[in-house]
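> Here is a sequence together with a model predicted from it:
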Amino acid sequence: MDNQMNVANIPSVEEVENVINQFYESSNDEIRKPAEHWLHELQKQPYAWRLPAQLLNSSQVSSQFFGAHTFQVKILRDWNTLDPNEIIPLKNELISWIKKYSGSTQIVLTKLCLALTSFALQASPEIWPNFISSVIDEINSEEQRPDLDDNAKLNLELAKLEFLTVVPEQASTAQLLANRKGKITEELTNGFLLVLNIINQILSIKEKNDSIIKLQQKSLKCLQSWIQYDLPISTLEAIISSTINALIEVENFQPAAEVLIELLTHPSSRRFEKTLCDNILKAITTGWIYNEFNNTIENEDEESVRTICKLMTTLGEEFTEYIAINFLRPDIITFLKMIMACTAFPGYPAIDQDITDTTYNFWFLLTEIIEDPYVIPLPKTNNNPDDNDVFIFRSQPSSASGSQLTPEQGLQIRNASMEVFRQLIEIIRQKMQYPTDEEKRSWKRENFENFNASRREAGDTIISAYSIVKDQSLDYLVNLCKEELDKIYNGSSCWQILESSLQCLKAISEAIDMRENIYISKLFSDDIFKKISNLPKDHFNRVKITMLNLIASYAEWLKNHDTFIPNVMDFIINSISQQVLLLPASKAFLEVCNHCKKSLVNYIDILVNIYLQLPDSIQRERSRIVQALAEVLQTLPNERSIPIMLLLQNNLQEKIKETLIKINNSNDQNPFKELIEIQLNHMVAFAKGIIPPDENSFIDIEEQVEYESNINKNNKIVLSQEELQQFEILSNGCYEIIEMIFRLYNNDYEIMSIMSQFIKFSFRSVLPFLSPKMELLTLLLCSCYEVSKQSNILIIVKDLLWVYSSYNKYPCSLLEINNDPIKIDRNIVLLLTSVTQATIQYLNSEIELLEKIFGLLLIALKVQDDKFALQHVKKFLITFILCDDETSELKDISHQVMLIIGNNIIREVLYGIGGGKPRSLIIVLTEILFKMKVKYPNNVNEWLNALLSQDGFPSKHVDNTVKQQFIKDVLR
């Protein structure tokens, strides 16, 4: 076949059909691809306008389909080549073909409807006004022909519904100019009531036969399409009733459920909250749907239960407040039991079935609402201090019916919910259980990955449930651990229940009060913890891995309960010697050392020996262990800690120097890159470990005062002559390592990132003597930046400014090294806050530079979803905003800069509060907002009104009423 078409020779219909067959029927790409190219070229030709009619008269379905498709392609691509006198005839021709194919092949009919819709989007309203009613009238008129039988009339009615189904689908995806899009939207809005009337008439038919069922199912599909188009729904009450009536009919359940799922998520659905909720709840908690649901659960029929589960969870997620407010109603109780049955659906989540995971978000939302005092008020007690109000973009309550509950009713709901969530915790624990050895053999790696992802989501739901159940869940899970351990020590080999119970307790650690003194103490007692640590090797490794992860999560709790630390450390140390337990053991080791350093002083020699005896084969875990050691060393007196620090630093330097010598000898650094990264990370970990704790690391003010008092007593480091010489040697060795790595890897982004971390932490450590000399390092950095314009070198410069700004006469000149555009990565935005804080006194005449820096901080405000990083940005911004106690010159600069960038700061804060950031970060953003309101009330008022007047900002889900209320709440 010729790849290039000869335009002068118009191919015959037979030739075209032959190529169509090659394209659709052949499985050989060498045949299909040339055929596809030839057909594409054919459709570009002017005479291709005449081709569809010829192909639609063919007896071959593939030719008919390609003919209908060519209609659509020509209308979409070559509309402007169509003779104006042929436009109306083309419309009439398309409608005629739709009538003809109403009783023929469905895919050809659908393609013809798509072509007619494409025509309407081009021609309406100027050439073809009211196109929806026009098509309806045309087909209705055709149905009146006396020669047509009932089957032909049915097919015409189905064809009409097919066209009405594709119209909103095409309109929502069509690439239209704003002016034309507005006209098309108006056409669809005008046609919507007509479409609803047709659908409602069909759904209202009571007497059923196969034809009526077909029509009703098709009309429901059509209704779903119009709801998805997102037109304002103002007259849906009648259609809601008809759809719910269809829901309880066996043959119409599936399409009716899909319509209701779309309707529940529609922005206008709040107006029909009570109608939707009450009627759907009645439909699914009684009658055949309820019975069918129970049968599908019993028979483990995932496909059948999926639709009703989706309908229930959508109802629950969209109208959570309504569910919570009416928690004690019998239909709500049945509804919750049904969702819980979905959560408990047999099979491993994400492996055997996906029903369980679809319910987790509903349970999370329900716990949030039940805890919300605006929705479920509780009697006031003297034991519970009022929570700080956090302003968020939502009405309170958001339920259309409003919460009229008394505190006593709220307490009833809270008590009833405790039993529901207690049951839920046990069900989720069961779904977190690992497979048996026999089941596990059939699992692939991706199965384990999916299952573990499901376990993490389940863990988040456990945390939510714990917020309701509190101590009851701890009591239940800890006792379950003890019962299962007793069974194991009595001969049972089943460890899955024990492990999943520990996993639940690990998840709860994020929400638990670290002063809890009953249940977690029982967990770490000899009855449970000691028995777990003494379980035989191999068969119970999974239990021990989870226990080690649990220890890491409860390290802060152990700090307040140090009597358990000896047993915990014995278990960790024994686990480090076992390869399969090494990774979680090293994590636990680091966390316990970090939080419990004072309690580990007597372990220091043992810990050092563990580190020195680690084999080279476990390089990656070594980083955590060396950092953990360094954490503990901080608590020792200088005369005790310095010799150990010297020993460890010398060991680290020897290891990395050995590797660097091998690189020099081989003249090829690539094979050693991974090892250099690992060993450099060891040095980072050690430097990180001996950084003094910041104010956020202390559990209370007393601990901070005690630490600072001890530091002030011992802050003078007295070194012997021998120790001074050792420090000099190590400092020079550190510079040699840095210089060699810069020389070998200055273009390697990954290694330069680690180098940046090392310099950052080593200069901030309690022993900066271990860092290279500043003057040497400055020269090295300047020369390296000239050779390689790496953003990480700029980060290193900024780290040095942070430490040495008070001694450096020209910090601005160092900052001006950033003349080239660089990639603003996470490291640089995090460090900018501390760098600018340290050098602000030198930048008060550098307004341009300050604006650049604040520009980067705005990027940080926008992109950071990490709470720690965002806290850095917030802390600096608030300090800068409220610098009334600083010099008057700095105050003036603060005022000048804030007037320039204040509007942008408010924009990013509103975007985050309005849904652009995770819920946990809202409180950080509101602090920035309220501090700015205090300092600049008039400006903030102006900025808020201007920004919130924009449609769709900060979210399309926030209406003007909520925005105005938000502004009032902020400015009151």
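Received it, and whenever you're ready, just let me know what you need. Numbering: from 1, shown residues only.
> This protein: strands as residue ranges?
For the chain, no strands are identified by DSSP state E.
> How is it divided into domains?
If you go by the TED database, the domain ranges for the chain are 9-80, 83-230, 837-971.
> Out of those, which gets nearest to D471?
The closest of the domains of the chain to D471 is domain 837-971. By Cβ to Cβ, the value is 24.0 Å. (Each C-beta comes from the backbone N, C-alpha and C, glycine too.)
> Quick one: mean pLDDT for that closest one?
For domain 837-971, the mean pLDDT works out to 73.
> any chance of the domains of the chain in JSON lines, with mean neighbour count too?
As requested, the domains of the chain are arranged in JSON lines below (neighbours: other Cβ atoms under 10 Å):
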{"stretch": "domain 9-80", "mean neighbour count": "16"}
{"stretch": "domain 83-230", "mean neighbour count": "17"}
{"stretch": "domain 837-971", "mean neighbour count": "16"}
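> Which among these is found nearest to D475?
domain 837-971 (27.6 Å).
> What segments of the stretch 251-400 of the chain are helices?
Under the criterion DSSP state H, counting those that start in this stretch, the stretch 251-400 of the chain contains helices at 253-264, 273-285, 287-298, 302-318, 320-325, 330-343, 355-370.
> and the angle for the first one with helix 273-285?
Just to be clear, that refers to helix 253-264. Using axes from the mean of the first three to the mean of the last three Cα atoms, to 10 degrees, the direction of helix 253-264 lies 150 degrees away from that of helix 273-285.
> Give me the contact list for helix 253-264.
With Cβ atoms under 8 Å, 6 or more residues apart in numbering as the test, helix 253-264 has contacts from 217, 220-221, 223-224, 227-228, 236, 240, 243-244, 246-247, 249, 269, 276, 280, 289, 307-308, 310-311, 314-315, 318-319.
> Narrow the residues you listed to those that are buried.
When the contacts of helix 253-264 are checked for burial by 16 or more other Cβ atoms under 10 Å, the buried set is 217, 220-221, 223-224, 227-228, 236, 240, 243-244, 246-247, 269, 276, 280, 289, 307-308, 310-311, 314-315, 318-319.
> in this structure, which helix or strand is least confident?
Least confident helix or strand of the chain, by mean pLDDT, DSSP states H and E, is helix 811-815 with a mean of 35.
> R422: how many residues sit nearby?
Using other Cβ atoms under 10 Å, the number of residues around R422 comes to 15.
> Now do the same contact list for I212.
Shown in contact with I212 (Cβ under 8 Å, 6+ apart): I202, I205.
> Now do it against Q254, distance only.
Distance, I212 to Q254, using Cβ to Cβ, to the nearest Å: 16 Å.
> E654 too?
Taking Cβ to Cβ, one finds E654 at 70 Å from Q254.
> Could you check which of those two has the larger neighbour count?
Using other Cβ under 10 Å as the criterion, E654 and Q254 rank with Q254 on top: 15 against 10.
> pLDDT at the more buried one, what is it?
So Q254 comes in at 95 (pLDDT).
> hang on, the earlier thing: most tightly packed of the helices of the stretch 251-400 of the chain?
Across these, the average number of neighbours (mean count of other Cβ atoms under 10 Å) peaks for helix 320-325, which reaches a mean of 25.
> I'd like the mean pLDDT over whichever helix in the chain runs longest, please.
If you go by DSSP state H, the chain has its longest helix at helix 638-666. Helix 638-666 shows an average pLDDT of 87 in the prediction.
> just checking, what packs against that helix?
Other helices and strands packing on helix 638-666, by 3 or more Cβ pairs under 8 Å, 6 or more residues apart in numbering; DSSP states H and E, are helix 604-612, helix 619-633, helix 673-689, helix 721-745.
> Using a markdown table, lay out those together with distance to N650, mean pLDDT and mean neighbour count.
Formatted as a markdown table, those follow (distance: least, Cβ to Cβ, whole Å; pLDDT from 0 to 100; neighbours: other Cβ atoms under 10 Å):
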| stretch | distance to N650 | mean pLDDT | mean neighbour count |
| --- | --- | --- | --- |
| helix 604-612 | 11 | 85 | 15 |
| helix 619-633 | 13 | 81 | 23 |
| helix 673-689 | 11 | 86 | 22 |
| helix 721-745 | 7 | 83 | 17 |
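> which one of those lies closest to P373?
Of all those, helix 619-633 sits nearest to P373, with 40.5 Å by Cβ to Cβ.
> Cool, thanks, talk later.
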